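>>> sharing a model that was predicted from the sequence below.
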Amino acid sequence: MLSHIANRCSRKQRKLGNHLSIVDELGGQYEDTFNDVKKQIQNYFTFKAVRTVLNQLYEMNPTEYTWFYNFVAANKPGDGKHFIQTLGKEKQELAERVMITRLHLYGKWIKKCNHAEIYKEISDQNLELMRERLMETIVWPSDDTNTEKIG
């Protein structure tokens, strides 16, 4: 699969000069949809819900905690939907608890999320990174270059 993606990406490259190239569709085209971003957010909140439920079980039900910990270790929650489907086949109550918890966590995040602040943070970080890179690439004249004495 990765070789297919690499071949697809290499076909999309155009050389610019000796060193630069432009890669089309590497990160996806976002004119119409952000479905990949939505899926990542869903998966992340599944991951956070799993951690939350694990912490709750650790305190309240050590036996269930041990079972769930082993389940999580064997079935990584990276794909949230698949993880919950698999969990539901083993322990439906626990799957429902994860689903309710991830929805609750997402709701809390939405209320606290300041999109303008996030935009500004990304913009500021981009600027900082460009400044750092510029400072790394500038060749500063050394003090030795001014050998002319005044006076």
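Yep, that arrived. Being a predicted model, the structure only gives us computed values, none of them experimental. Numbers count the residues shown, from 1 in each chain.
>>> what ranges in the chain fall below the confidence cut-off?
1-32, 143-151 (pLDDT under 70).
>>> any chance you could map the strands in it?
Per DSSP state E, the chain carries strands over the ranges 13-16, 20-23.
>>> so which elements touch the top helix by length along the chain?
When the chain is scanned for its longest helix (criterion: DSSP state H), the result is helix 35-60. Helix 35-60 sits against helix 62-74, helix 80-90, helix 92-112, with contacts defined as 3 or more C-beta pairs under 8 Å, 6 or more residues apart in numbering; DSSP states H and E. Heads up, the C-betas are built off the backbone N, CA and C, glycines and all.
>>> among those helices, which is nearest residue 54?
helix 62-74 (6.1 Å; C-beta to C-beta).
>>> with just CA atoms, put the closest one into CSV.
Provided in CSV are the C-alpha atoms of helix 62-74 (Å, rounded to 0.1, in the frame of the first residue of the first chain):
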residue,chain,number,x,y,z
PRO,A,62,-9.5,-3.4,39.0
THR,A,63,-10.6,-6.7,37.4
GLU,A,64,-12.4,-4.9,34.6
TYR,A,65,-9.4,-2.5,34.3
THR,A,66,-7.1,-5.4,33.7
TRP,A,67,-9.3,-6.9,31.1
PHE,A,68,-9.8,-3.6,29.3
TYR,A,69,-6.1,-2.8,29.5
ASN,A,70,-5.2,-6.1,27.9
PHE,A,71,-7.9,-5.5,25.2
VAL,A,72,-6.5,-2.1,24.4
ALA,A,73,-3.0,-3.5,24.2
ALA,A,74,-4.2,-6.1,21.7
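>>> could you give me the buried positions within that helix?
64, 65, 68, 71, 72 (16 or more other C-beta atoms under 10 Å).
>>> out of these, the closest to residue 85 would be?
Residue 85 lies nearest to residue 71 out of the buried residues of helix 62-74, by C-beta to C-beta, at 12.9 Å.
>>> my guess is the closest one contacts residue 87, does it?
Yes. Under the criterion of C-beta atoms under 8 Å, residue 71 makes contact with residue 87 at 6.7 Å.
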